[in-house]
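Engineer: quick one, what's the 3D model for this:
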Amino acid sequence: MKRKQLRITGILLTICMILGTIFPVLAETENTSLEISAASGILMEVETGKILYEKDSNTRRSPASVTKVMTLLLIFEQLESGKLSLDDIVTTSAHAKSMGGSQVFLEEGEQQNVETMIKCIVIASGNDASVAMAEHIAGSEQSFVDRMNQRALELGMKNTHFADCCGLTDSDAHYTTAYDIALMSRELIRNHPQIFEYSSIWMENITHVTAQGTKEFGLTNTNRLIRTYPGCKGLKTGSTSKAKFCLSAVAERGGLSLLSIVMAAPDYKARLKDAASLLDYGFARCSLYIDEQPDPLPEITVQKGISSKVSLKYADTFRYVSTDGEKITTPGKELKLPDKAEAPLSADSKAGEIIYLHPQNGQELGRIPILYAESVARLRFSDCLLQTFDAFCL
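Structural biologist: The predicted structure is shown next:
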C-alpha cells in the first residue's frame with residue numbers, strides 16, 4: 001500500500017515538474033494585461049483607428065486643457081479653408097486677458113499673429129491665447145464653443161459637451177471621454193499633420209509688444225514626453241483639481257503612429273508613466289504592413305466605348321496593423337475584376353477590389369477598391385462612321 005502511495009506521489013511530482021516547465025511560459029504569454037493608475041485610458045492606432053487597449057474609456061470626465069485639441073482642430077480647419085492665415089493679427093480682449101490657470105500673460109489690446117497664438121496654445125497651453133483665437137474666429141468665445149460642440153457631433157463624440165474653449169471651467173456641463181479625445185486627436189493629427197511643427201517644440205520665446213514696451217517671454221512645452229519618450233511628437237496635456245491629470249500623446253515608430261490617452265491620473269508623474277506604458281504596450285504588440293509596391297493592374301476590355309481598353313488604379317494604399325505580435329510580410333491577394341465593362345465609364349468609379357488574406361489561415365485582412373483610371377465615353381454613331389472610314393482608308 002505504501003509502495004503504491006509512493007508511486008502515485010512520484011507520478012504527481014513528475015507531472016508537476018513537467019507542468020512547471022510549461023505554465024510559466026503560458027503565464028508569461030497570458031500576462032499581457034496592462035494596468036494604469038489613471039481612471040480612464042485608451043490606446044489607438046492612428047491610421048486605422050483600431051483600439052488596442054482601453055480602460056473605462058466611455059466614462060464622462062473633465063478633460064481640463066486637453067479641451068484645446070478641439071480648439072486647435074477648428075483653428076487648423078480655418079487655416080485649411082483659407083478663412084484664416086498664419087500671418088493674420090489677433091487682438092487680445094479684456095475677457096481673454098482675464099483667463100486664469102495656464103497662460104502666456106497677454107495684455108488687453110496686445111496683438112500677435114495666428115502662428116504665435118498657436119504656439120502659445122500648443123506649447124504653453126495658454127488659456128488667454130485660446131480665448132483670443134476663439135473670439136477672432138467666431139466673434140465670441142460662446143459662438144466658438146457652439147462650433148466645438150457641433151464639430152464633436154460630426155466626429156461621433158457622443159459623450160462630449162464643451163462649456164469653454166480652454167478647459168478651465170469646473171462646470172459639470174464640460175465633459176468628454178478618453179475615447180472621444182482619441183477621436184478628435186486622431187482627426188487633428190491625420191488631417192493637419194502640421195500640428196507637429198508646434199507640438200514637438202520644447203522651448204521657444206515669444207515677444208510681448210504692448211504700450212509698456214517690448215518683453216521676451218519663454219514658452220516651455222507642458223508635455224514632457226516629447227523629451228523623454230522616443231518618437232513622441234506631442235500632443236496636449238491638461239490638469240485641474242477636478243480633472244486631475246490628463247494627456248493625449250502621439251508617438252510614431254517605423255511608420256506606426258499610436259495615440260495614448262489618459263484621464264484622471266493621480267499626479268503628473270503617473271500621467272506620463274501611464275501614457276508611456278500604453279505606448280510601450282502598443283509598439284511591443286503591433287506591427288504595420290504597408291503594400292508600398294502593389295502588383296500592376298491589368299487593363300479591362302471596354303464594350304461600346306470610344307476606347308477598347310481602360311486602365312485601372314488602386315483607390316488607396318493597403319495598410320494592416322497586427323496587434324497580436326505577429327508580423328505580416330507577404331499576405332495573399334485575391335483580385336476581383338470583371339472580364340469586361342460597358343461604356344460609358346467614369347474615372348474614379350469602382351471597377352472591382354483586391355482582398356488581402358492572412359498568409360497562413362487565409363482570413364481576410366482587408367480590402368482596397370480598384371478604380372477606373374480614366375473615363376471612357378460611349379461610342380456614338382458618328383464615331384462608328386469615323387472608325388469605318390479610317391479602316392477603309394487604311
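
Engineer: in the chain, where is pLDDT below threshold?
Structural biologist: Residues of the chain that meet the criterion pLDDT under 70 lie in 1-32, 381-394.

Engineer: for S311, give its distance to D339.
Structural biologist: 16 Å (C-beta to C-beta, to the nearest Å). Placement of C-beta: from N, CA and C, glycine included.

Engineer: ditto for S125
Structural biologist: 60 Å.

Engineer: the two: who's more crowded?
Structural biologist: Using other C-beta atoms under 10 Å, the more surrounded residue of S125 and D339 is S125, with 28 against 6.

Engineer: who's in contact with the more buried one?
Structural biologist: 65, 68, 102, 222, 236-238 (C-beta atoms under 8 Å, 6 or more residues apart in numbering).

Engineer: can you pull out the strands in the stretch 51-200 of the chain?
Structural biologist: For the stretch 51-200 of the chain, applying DSSP state E, counting those that start in this stretch gives strands covering 51-55, 89-91, 111-113.

Engineer: for the stretch 251-394 of the chain, same thing?
Structural biologist: With DSSP E, counting those that start in this stretch, the ranges of strands along the stretch 251-394 of the chain come out as 256-265, 287-290, 300-303, 309-310, 312-314, 319-322, 332-336, 340-342, 350-357, 364-372.

Engineer: can you give me the buried ones in the second one?
Structural biologist: For strand 287-290, the buried set under the neighbour-count rule, 16 or more other C-beta atoms under 10 Å, comprises 287-289.

Engineer: ditto for stretch 248-256
Structural biologist: Within stretch 248-256, the residues scored as buried using 16+ other C-beta under 10 Å are 248-252, 256.

Engineer: now swap in stretch 273-283 and tell me
Structural biologist: Buried residues in stretch 273-283 (16+ other C-beta under 10 Å): 273-279, 281-283.

Engineer: just stretch 199-209 next, same as before
Structural biologist: In stretch 199-209, counting by 16+ other C-beta under 10 Å, buried: 199-201, 204, 206, 208.

Engineer: contacts for that stretch?
Structural biologist: Residues outside stretch 199-209 that contact it (C-beta under 8 Å, 6+ apart) are 104-107, 110-112, 116, 119-120, 122-123, 214-221, 223, 226-227, 233-236.

Engineer: ok, now stretch 339-351?
Structural biologist: Applying C-beta under 8 Å, 6+ apart, the contact partners of stretch 339-351 are 300-306, 310, 312, 315, 337-338, 369-379.

Engineer: which ones are touching V66?
Structural biologist: Counted by C-beta under 8 Å, 6+ apart, V66 has contacts 167, 176, 181, 236-238, 246-248, 263.

Engineer: can I get those in JSON lines with distance to E45?
Structural biologist: Converted to JSON lines, those look like this (distance: C-beta to C-beta, whole Å):
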{"residue": "G167", "distance to E45": "26"}
{"residue": "T176", "distance to E45": "20"}
{"residue": "I181", "distance to E45": "15"}
{"residue": "K236", "distance to E45": "19"}
{"residue": "T237", "distance to E45": "22"}
{"residue": "G238", "distance to E45": "23"}
{"residue": "C246", "distance to E45": "21"}
{"residue": "L247", "distance to E45": "18"}
{"residue": "S248", "distance to E45": "15"}
{"residue": "M263", "distance to E45": "19"}
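
Engineer: how about the helices in the stretch 201-350 of the chain?
Structural biologist: Secondary structure of the stretch 201-350 of the chain by DSSP state H, counting those that start in this stretch: the helices cover 225-228, 268-285.

Engineer: so which of those gets nearest V145?
Structural biologist: Closest of the helices of the stretch 201-350 of the chain to V145 is helix 268-285, at 25.6 Å (criterion: C-beta to C-beta).

Engineer: return the distance of the closest one from the chain's centre.
Structural biologist: With C-alpha atoms, centre = their mean, to the nearest Å as the basis, helix 268-285 stands 17 Å off its chain's centre.

Engineer: do the same with stretch 333-351
Structural biologist: The answer for stretch 333-351 is 32 Å, by C-alpha atoms, centre = their mean.

Engineer: restricting to C-alpha, output it in CSV.
Structural biologist: Only the C-alpha atoms of stretch 333-351 are listed here, as CSV (Å, rounded to 0.1, in the frame of the first residue of the first chain):
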residue,chain,number,x,y,z
LYS,A,333,-4.1,38.7,-52.6
GLU,A,334,-7.3,38.0,-54.4
LEU,A,335,-8.1,40.3,-57.3
LYS,A,336,-11.8,40.6,-58.2
LEU,A,337,-12.4,42.3,-61.5
PRO,A,338,-14.9,41.9,-64.3
ASP,A,339,-13.8,40.4,-67.6
LYS,A,340,-15.1,43.4,-69.5
ALA,A,341,-17.1,46.6,-68.9
GLU,A,342,-19.6,48.5,-70.9
ALA,A,343,-19.2,52.3,-71.7
PRO,A,344,-19.8,54.9,-70.5
LEU,A,345,-17.3,54.6,-67.7
SER,A,346,-16.3,57.4,-65.2
ALA,A,347,-12.8,57.9,-63.9
ASP,A,348,-12.5,57.0,-60.2
SER,A,349,-15.7,54.9,-60.3
LYS,A,350,-15.3,51.4,-58.8
ALA,A,351,-14.3,48.6,-61.1
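
Engineer: right, I'll call it a day here.
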